[in-house]
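# Pasting the sequence and the predicted coordinates here, then a few questions.
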Amino acid sequence: MNRENNRRSQTHRKSHIDKIIAGVIHLFRVSTEKKLKSNYNYIYSLLFFAFIIFFISIPNRLSASQYGGMFFSDETYAEIVAWLESSPVHQDAPQGFTAKGAANLLGHFHYTPSLRDQAPTGTCWIWSHTAAMSIDFDIQFEGNPVIQEGFSVPFLASNAWMVGSDLNKGGHSGIFKEFYGMVGYAIPSRNTYAMWNAVWNEKDSKWEVDQSFGIRPAMWINSGSPSDATEPNYPIEKMDMSIINTFGTEAEPVSKEQAIANIKSVLDSGHSVPLMYTLATGADWDVFDKFWAEQNESVVTSFDYTKGHTWDDGGCGHWVLCVGYDDSGAQPYWLVLNSHYPGNIRPNNLFRLSQDIDYSATYVNSPYPTNRVYIWVSLQTTFAPKGTVKPNENGIKTFTVNTSRSSKTPSDSIHVVSASFETVPSSIVSANLKVNYHTFLCDSTTGTWKKSGNLWKFKSNAKESPSISVSI
């Protein structure tokens, strides 16, 4: 989101707050002047008034950056610390490793830069990691098929509650892997309602930014099928995630040369590298905002200026994706893909980050125990062969579920339309149907299993399960 749009959004937000305040003040005056008989109404008015004053007294943290970022709560940062401490460390580049001198994986990501804009949300972790997954797919299948705009960002964003996040909270590589470990497949952005902040212009045959809203509810998104050419999904065989060793420990620090080699070894192997950088202060973010909005894509930058700065309420983190590097010039750099679109000055949403940085840089007085400026990650996704559906450990080949609902009303029963097996059972006593984090028991007390040829079908009793809207 550009600076003018950001100013408008903040002005719009302020006008709404002003109206709320005026309304609350009016309510407070009325409740006082009329001396309402119920003391509870008077107390509720006071409490509500106090809440609004508290709300507007919180600093407008968005103003620390002209663009979206992850402002860490204690809970979120504790999760990031736990993830860092529990994650495997990627194997160092071997002794004698010689880098190729240049790498650029951007050609494997088919995107429209103007559509790649997270706006002022905390979804950068989804954008960067989804792009990495999209690049892996394109390389594995040699561009056939082309996933235009890559895999869907809203698919995870609208289901972020599954991994304890939302559009503002932020996240990291660990919960990205956790999400796709649950669902088991990725869907293209061009599935129905799977595109972020875009609408299809039929006249000009192109996607355009939709200013009305950026993300659809999960139940609207068509999650597709491996056998559906129009609305497909692509099963994931495995996803490997590890922390690239650029920091080391106090006892065994990592040299700058080794840190660079460790990152290049991943890029040279054909995998992009998610990077989270954290700037300690609002003033530090102002420096980046100016760079991003006013410099072109050939200018090389560094975030070392935040090193040693004292953390303040304007500090936050941001995920981007390193898609390559170039050693040929006087100033070797990493090629980095962002998820903010500032306009024509950065036509590809890219910036260049110097290789000559302090990879172990930290800021000080952070309220959190991990205060790294740079965190580099190896995320490598392997997809199942096209057209194959792997049986699960129970011998189930396919499992299709519908609900007896329209698109806008919750269901009062669950239908397993079909369940096929490697070896068809003679009877089914019970089954657990897990939809996201919700498990529904499918047995004789909740509904009926019936055999139909080589398939089994189940229909639950009306009102037996909680009313739900299902997105699978």
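Yep, it's here.

# Now do the strands in the stretch 1-150 of the chain.
Assigned strands in the stretch 1-150 of the chain, in chain order: 102-104 (criterion: DSSP state E, counting those that start in this stretch).

# Show me the shaky parts of it.
The model of the stretch 1-150 of the chain has pLDDT under 70 over residues 1-66, 68.

# again, only this time at 50
Along the stretch 1-150 of the chain, the parts satisfying pLDDT under 50 run over 1-64.

# just the stretch 251-400 of the chain next, same as before
Regions of the stretch 251-400 of the chain meeting the criterion pLDDT under 50 cover residues 390-393.

# which stretches of it form helices?
Assigned by DSSP state H, counting those that start in this stretch, the helices in the stretch 251-400 of the chain fall at 256-268, 282-294.

# Make a markdown table out of those and add distance to residue 276 and mean neighbour count.
In this view, the C-beta of every residue, glycine as well, is placed from N, C-alpha and C. A markdown table is the format used below for the helices of the stretch 251-400 of the chain (distance: least, Cβ to Cβ, whole Å; neighbours: other Cβ atoms under 10 Å):
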| stretch | distance to residue 276 | mean neighbour count |
| --- | --- | --- |
| helix 256-268 | 14 | 20 |
| helix 282-294 | 14 | 17 |
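
# how many neighbours does the closest residue to residue 188 other than its chain neighbours have?
Here the nearest residue to residue 188 in space, its sequence neighbours aside, is residue 147; by Cβ to Cβ, 6 or more residues apart in numbering that works out to 5.1 Å. Here the neighbour count serves as a burial measure; for residue 147 (other Cβ atoms under 10 Å) it reads 25.

# Next, format the helices of the stretch 251-400 of the chain as JSON lines and append distance to residue 138.
Compiled in JSON lines, the helices of the stretch 251-400 of the chain are given as follows (distance: least, Cβ to Cβ, whole Å):
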{"stretch": "helix 256-268", "distance to residue 138": "15"}
{"stretch": "helix 282-294", "distance to residue 138": "27"}
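
# To residue 123, which of those lies closest?
helix 282-294 (17.4 Å; Cβ to Cβ).

# and that closest one, what does it pack onto?
Under the contact criterion of 3 or more Cβ pairs under 8 Å, 6 or more residues apart in numbering; DSSP states H and E, helix 282-294 touches strand 273-279.

# And the strand it packs on, what does it pack against?
Helices and strands in packing contact with strand 273-279 are listed as helix 124-140, helix 256-268, helix 282-294, strand 316-326, strand 374-383; criterion 3+ Cβ pairs under 8 Å, 6+ apart.

# now do 6 Å
helix 124-140, strand 316-326, strand 374-383 (3 or more Cβ pairs under 6 Å, 6 or more residues apart in numbering; DSSP states H and E).

# Residue 169 is nearest to which of the helices of the stretch 251-400 of the chain?
Comparing those against residue 169 with Cβ to Cβ, the closest turns out to be helix 282-294 (18.6 Å).

# one step back: wait, the residue nearest to residue 188 sits on residue 190?
No: with contact defined as Cβ atoms under 6 Å, residue 147 does not reach residue 190; the gap is 8.1 Å.

# check contacts around residue 271.
Applying Cβ atoms under 6 Å, 6 or more residues apart in numbering, we find residue 271 in contact with residue 380.

# The chain should start at 48 in everything you say after this.
Yep, numbering from 48; the last one is residue 318 now.

# re the thing from before, same list, the helices and strands packed on strand 320-326, but as TSV with distance to residue 323 please.
Supplementary listing: the helices and strands packed on strand 320-326 in TSV, determined by distance: least, Cβ to Cβ, whole Å:
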stretch	distance to residue 323
helix 171-187	8
strand 363-373	5
strand 421-430	4
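
# between these, which one is nearest to residue 349?
Ranking the helices and strands packed on strand 320-326 by proximity to residue 349 (Cβ to Cβ) places strand 421-430 first, at 10.2 Å.

# what's the angle from that closest one to strand 363-373?
In terms of direction (axes from the mean of the first three to the mean of the last three Cα atoms, to 10 degrees), strand 421-430 departs from strand 363-373 by 70 degrees.

# Quickly run through the sheet partners of strand 421-430, with directions.
Neighbouring strands of strand 421-430 in its sheet, by DSSP bridges, are strand 281-290 (antiparallel), strand 320-326 (antiparallel).

# No more questions from me, cheers.
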